[in-house]
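[1] Need a 3D model of the sequence below.
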Amino acid sequence: MTICSERPYQPDITVSSLVELLRQRAASAPDCVAYRFLSDGEAGESSITYGELNLRARSIATSLQEMSACGERALL
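    As a prediction, this is how the structure comes out:
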């Protein structure tokens, strides 16, 4: 797992949704930390990389599609 403190400027890459942004980040920096969770606000952290987040998001999307929720809004 890599902590990426700088985001490379990529003027030729445009995204129109959060899904596209996640896919782009998962493809270009799959091992970089996407989110860090602090259990008490200061310590006890756990984290998830862009690659892991993309896999989990795709898994949830598949489950929703199997429930015939395709095209519907979902609160996650």
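[2] List the buried residues in the helix or strand hosting Ser63.
    Using DSSP states H and E, Ser63 sits in helix 50-66. By 16 or more other Cβ atoms under 10 Å, the buried positions in helix 50-66 come out as 50-54, 57. For every residue, glycine as well, the C-beta is placed using N, CA and C.
[3] now do stretch 36-45
    So stretch 36-45, judged by 16+ other Cβ under 10 Å, has zero buried residues.
[4] Give me the residue at the spatial middle of this structure.
    Leu53 (4.0 Å; Cα atoms, centre = their mean).
[5] quick one: the nearest residue to it once chain neighbours are set aside and Ser59, what's the gap?
    Distances taken as Cβ to Cβ, 6 or more residues apart in numbering put Ala34 closest to Leu53, at 4.8 Å, once the chain neighbours are dropped. From Ala34 over to Ser59 the distance is 15 Å, taken as Cβ to Cβ, to the nearest Å.
[6] same deal with Glu72?
    Glu72 sits 17 Å away from Ser59, going by Cβ to Cβ.
[7] do the same with Val15
    If you go by Cβ to Cβ, the gap between Val15 and Ser59 works out to 21 Å.
[8] Work out the gap between the helix holding Ser63 and the centre of the chain.
    Computed by Cα atoms, centre = their mean, to the nearest Å, the chain-centroid distance of helix 50-66 equals 9 Å.
[9] now for it, which elements pack on it?
    Applying 3 or more Cβ pairs under 8 Å, 6 or more residues apart in numbering; DSSP states H and E, we find helix 50-66 packed against helix 18-28, strand 33-38.
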